[in-house]
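In: prediction below, plus the sequence it came from.
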Number of protein chains: 2
Amino acid sequence: MALPPEELSIIVNTGDDFTHLGLYIAPDLDSVVYALAGLSDPLKGWGRRGESWAFMDALKGLGGESWFQLGDADLAMHVERSWRLASGATLSEITAHLCQALRIGVQILPMSDDPIRTRVLTDLGWLDFQEYFVRQQCRPTVQGFKFVGAETARAQPGALAALARGDLRAIVICPSNPFVSIEPILAVPEILAALRKSRAPIIAVTPIIGGKAIKGPAAKMLKELGLDVSAAAVAGRYAGLADGFLVDHTDEMPDPLEGITFFKAATLMTNDADRVQLARATLRAADTLGADQAS
Amino acid sequence: MALPPEELSIIVNTGDDFTHLGLYIAPDLDSVVYALAGLSDPLKGWGRRGESWAFMDALKGLGGESWFQLGDADLAMHVERSWRLASGATLSEITAHLCQALRIGVQILPMSDDPIRTRVLTDLGWLDFQEYFVRQQCRPTVQGFKFVGAETARAQPGALAALARGDLRAIVICPSNPFVSIEPILAVPEILAALRKSRAPIIAVTPIIGGKAIKGPAAKMLKELGLDVSAAAVAGRYAGLADGFLVDHTDEMPDPLEGITFFKAATLMTNDADRVQLARATLRAADTLGADQAS
C-alpha cells in the first residue's frame, strides 16, 4: 500500500452508467469497487473473478436481451443498487453503503449524483456509450463525444470537499481513457472549477505505452480523431490543467508541453507490486512539483 | 398427456406476488411456468432444477436482504418480467411472452392484471403473504385472510373468455391450498361470477390425504382455523360452487355435502404417470357430472 486507505478519495466517472433490463448499471464504479474489494477478474479485465453465468443462460432461454453480459454475482451489485436508487437513496450514499459492506476503507465517490450520460458520435451517428462500447464492440469510427447532463449536474459534495482540502498532497488523473473515462469527470463544471482552484499538484499517468493502449479503445479513438497514439497526445488533452504527466519509462520523453512537467516511470501494472510502485512514483512526482510550487 | 395443450387454460393465483429488491416476483405463476416447461426442481418443490446461488452469496456479501432465496437462473424470470412490467406490459402479456419463449402450449393466465395481495391475519397481526410464508416460515398462528385489491380488480380477460366457453368440458380446482391459492382467485368478483354462470362441471381435487397436506401449510391452517384436516373440510370451502370433489382413494368417502358429488381417485402425484392418471380421473368425474347435468 502506498497510502493509508483513509488518505485516498477516488472520484469516479458515471458517464458509462446506463439502465439495462430495468437495472442501473455503473460499470466504472463497479470496476473500482471490485478492484478495491479484491474481487476483480484479472483475466477478463471487468466484472468479478470466479463469475458464473446461469442468469444469462436462463435469460437467453426466456428470449431476453443478451448483448450485455451480467454475471450471477455481479447482478447482486446491480439489483442492490437499483432498488436503493428507486427507494430514493443517492448513488453516492449507495456506493458508501456498498463499500462499507465490502470493508473498503478508501472513499469512492461518483463524480455526481445527477445523471450524466456519455454519447459517442460515430459514423453510425450518435450512440449511447454502452451501445458503442459493448453492443458495437467499439467498431464504429469515433468523431466526438458529449456528456449529456454534465453542464447542469452538481458535483458530488464529498468530491468537492476532497478537492478543496488545503492539505491535499496530489490530484491524480489515473491512467485511463481520456475521452470517455476522464473527460466526463472534467465536464462537471464544479469539478473542473475545483481542480483549477486547488493548489495541490495535478499529475496524470499515461494510459498509452509504446503506441498502444493497455486496455480498451483509447488508441483507436486517438487515431480516429486524428491524434498521435502517444502519451504526449494524451497529455495534450490535459494542457492547462495537469502540472505533471508520467510517461512510461520505455517511451521517449515527449517534447515540452506548456505547463506540464514530464516524468518517467514504470506505468504498466500487472500485479500489486507494480501498482504500489507506480503510486509511489506518482506521489514523488507530485511532491517534486508541490515543492517547486511552494518555493 | 391427458389433453392437447391448446385445450387447457390455467388461471393462476397472483395473491402471493410481491416486490422484493425492486423485482416483481410471482411465485405461483413461476411454479406453473417452470412445471410446464419441465424446469421445476422436484426435490425443493419450488424454483428451477439445477439452480445455483452465486447471486444470493454475493448479495449477502453486499449486506443485502437474504430471507427470500433467489436462484441465479430464477432471477432471469424476475428481471425480465420486472422490466417489462415497468415498460407498461401487463402481467398476462408478459406471461404469454415467456410461455412462448419456453414453448409452453398451455395457456397460463394470471387471475388478474391488477394487483391483488394476500394478507394473513396471525397472532402477530396482519402479515404480507411472503412475510408469513417465507420470512416467518408459516410459524405464526393463522386467524384469517384478506385479498387486498380483489374487490375492485378486473379478471384477466382471457380467463373470463375461457370460463365463458360453451364447450367447456370441466373447470378444475386443482389440489392446492384453499385459503391462499384458490380463494384469492375466487375473490375476484368477475371470476366467481363466471364460475357460477358456467354450465361446465366444477371439480375440485383434494390437497389433503390421510389428514396431511402434501405440501405447504394447508393442514396447519385448517387446524388453526378450527377445521378438520380432511378432504371434507376442504370440500366445505367450495360448497355452493363445486359440483364434484375428488378424495384420495386411501381416505374414507366423506359424508354427503350439499351439491357436491364425491369421487375417489389416486390423488398423490409423484411422477408424470400419476399426473396423467389423476387428470384423466378428474375428466372422467367431470364427464359423469356433465352427463348428469345434461340429462
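Out: Perfect, thanks for sending it.
In: flag every buried residue along stretch A:134-154.
Out: By 16 or more other C-beta atoms under 10 Å in any protein chain shown, the buried positions in stretch A:134-154 come out as A:134, A:140, A:142, A:145, A:147, A:148, A:149, A:150, A:153. For glycine as for every other residue, the C-beta is placed from the backbone atoms N, C-alpha and C.
In: which residue is nearest the centroid of chain A?
Out: Nearest to the geometric centre of chain A sits residue A:181, at 4.5 Å (C-alpha atoms, centre = their mean).
In: related to what we said a few turns ago, from the buried residues of stretch A:134-154, pick the one nearest residue B:196.
Out: Distance to residue B:196 across the buried residues of stretch A:134-154 (C-beta to C-beta) is lowest for residue A:134, with 54.7 Å.
In: residues touching the nearest residue to the closest one once chain neighbours are set aside, list them.
Out: Excluding its sequence neighbours, the residue lying closest to residue A:134 (C-beta to C-beta, 6 or more residues apart in numbering or on different chains) is residue A:68, at 5.5 Å. Residue A:68 is in contact with A:20, A:25, A:130, A:134, A:135, counting by C-beta atoms under 8 Å, 6 or more residues apart in numbering or on different chains.
In: same deal with residue A:234?
Out: A:178, A:204, A:206, A:207, A:208, A:218, A:222, A:245 are the contacts of residue A:234 under C-beta under 8 Å, 6+ apart.
In: can you give me the distance of the fifth one to residue A:133?
Out: Distance check for residue A:208 against residue A:133: by C-beta to C-beta, to the nearest Å, it reads 18 Å.
In: more neighbours, the two?
Out: For the pair residue A:208 and residue A:133, the greater number of neighbours falls to residue A:208 (25 against 20), based on other C-beta atoms under 10 Å in any protein chain shown.
In: for the more buried one, what are its contacts?
Out: A:214, A:218, A:219, A:222, A:229, A:230, A:231, A:233, A:234.
In: chain center to the one helix or strand the third one maps to, what's the gap?
Out: By that I understand residue A:219. Assigned by DSSP states H and E, residue A:219 falls within helix A:218-224. Here the centre of helix A:218-224 is set off from its chain's centre by 17 Å, with C-alpha atoms, centre = their mean, to the nearest Å.
In: could I get the CA-only coordinates of that helix as PDB?
Out: Output of helix A:218-224 as PDB, limited to C-alpha atoms (Å, rounded to 0.1, in the frame of the first residue of the first chain):
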ATOM      1  CA  ALA A 218      -8.100   4.700 -26.300                       C
ATOM      2  CA  ALA A 219      -5.600   4.100 -29.100                       C
ATOM      3  CA  LYS A 220      -8.300   3.500 -31.700                       C
ATOM      4  CA  MET A 221     -10.100   6.700 -30.600                       C
ATOM      5  CA  LEU A 222      -6.900   8.800 -30.700                       C
ATOM      6  CA  LYS A 223      -6.200   7.600 -34.200                       C
ATOM      7  CA  GLU A 224      -9.800   8.100 -35.400                       C
END
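In: the helix or strand that that helix is followed by: how far from the chain's middle?
Out: The helix or strand immediately downstream of helix A:218-224 is helix A:231-237, counting by DSSP H and E. On the basis of C-alpha atoms, centre = their mean, helix A:231-237 is displaced by 17 Å from the centre of the chain it belongs to.
In: wait, residue A:215 touches residue A:42, no?
Out: No: Residue A:215 is beyond contact range of residue A:42, at 11.6 Å (criterion: C-beta atoms under 8 Å).
In: ok, the two, which is more surrounded?
Out: Per other C-beta under 10 Å, whichever of residue A:215 and residue A:42 has more neighbours is residue A:215, with 12 against 9.
In: now the more buried one: closest residue in space, sequence neighbours ignored.
Out: Nearest one to residue A:215, counting by C-beta to C-beta, 6+ apart, is residue A:45 at 5.9 Å.
In: let me know the pLDDT of the one you found.
Out: In this model, residue A:45 is scored at 82, pLDDT.
In: and for it, the neighbour number?
Out: Neighbours around residue A:45, by other C-beta under 10 Å: 11.
In: the one 4 residues further on too?
Out: Residue A:49 is surrounded by 14 other residues when neighbours are defined as other C-beta under 10 Å.
In: quick one: contacts for it?
Out: For residue A:49, the contacting residues are A:39, A:40, A:41, A:42, A:43, by C-beta under 8 Å, 6+ apart.
In: which of the three states applies to the fourth one?
Out: Three-state assignment for residue A:42 (DSSP: H, G, I helix; E, B strand; the rest coil): coil.
In: rewinding a little: buried residues, the helix holding residue A:219. List them.
Out: For helix A:218-224, a neighbour-count test (16+ other C-beta under 10 Å) marks A:218, A:219, A:221, A:222, A:223 as buried.
In: good, wrapping up.
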